[in-house]
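>>> what would the 3D arrangement of this be:
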Amino acid sequence: MSTVKPVAPNGVELIFFYNCPHCGQKNALIAPLAPSSVKCENCQQNFPILPVNARSIQYIKLMLGNGSSAVDLDYF
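Predicted coordinates for the structure are as follows:
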């Protein structure tokens with residue numbers, strides 16, 4: 001029987017939360033980079049969202065080494 005070693009992340013995404021203006025439900029979206037309309041997971045109503053800044057997302061991904069530098073070194 002072989003032992004499988006833990007796997008490090010090879011990517012990272014940022015999740016942003018948008019509150020529905022109709023029912024207040026928190027909706028999770030992966031870094032929306034363009035203005036759009038989304039459907040609330042709870043009440044199914046559409047509402048417009050403001051996008052996040054693409055440069056900010058790129059910066060965070062760069063600082064985290066696309067996920068690899070976020071690994072807890074105590075597990076190596």
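>>> could you measure from Glu41 over to Ala28?
Distance from Glu41 to Ala28, counting by CB to CB, to the nearest Å: 8 Å. For the C-beta atoms, the positions are set from N, CA and C on the backbone; glycine is no exception.
>>> number of nearby residues for the residue nearest to Ser68 when sequence neighbours are not counted?
What sits nearest to Ser68 in space, not counting adjacent residues and going by CB to CB, 6 or more residues apart in numbering, is Ala8, at 5.8 Å. Counted with other CB atoms under 10 Å, residues neighbouring Ala8 total 13.
>>> and Ala8, what does it touch?
Ala8 makes contacts with Gly67, Ser68, Val71, as judged by CB atoms under 8 Å, 6 or more residues apart in numbering.
>>> swap the cut-off to 10 Å and go again
By CB atoms under 10 Å, 6 or more residues apart in numbering, the residues touching Ala8 are Gly65, Gly67, Ser68, Ser69, Ala70, Val71, Tyr75, Phe76.
>>> and Asn27, which of the three is it?
Under the three-state scheme (DSSP: H, G, I helix; E, B strand; the rest coil), Asn27 adopts strand.
>>> any idea how far it is from Lys39?
Asn27 is 9 Å from Lys39, where distance means CB to CB.
>>> between these two, who's got more neighbours?
Neighbour totals were compared for Asn27 and Lys39, and Asn27 leads with 16 against 12 (other CB under 10 Å).
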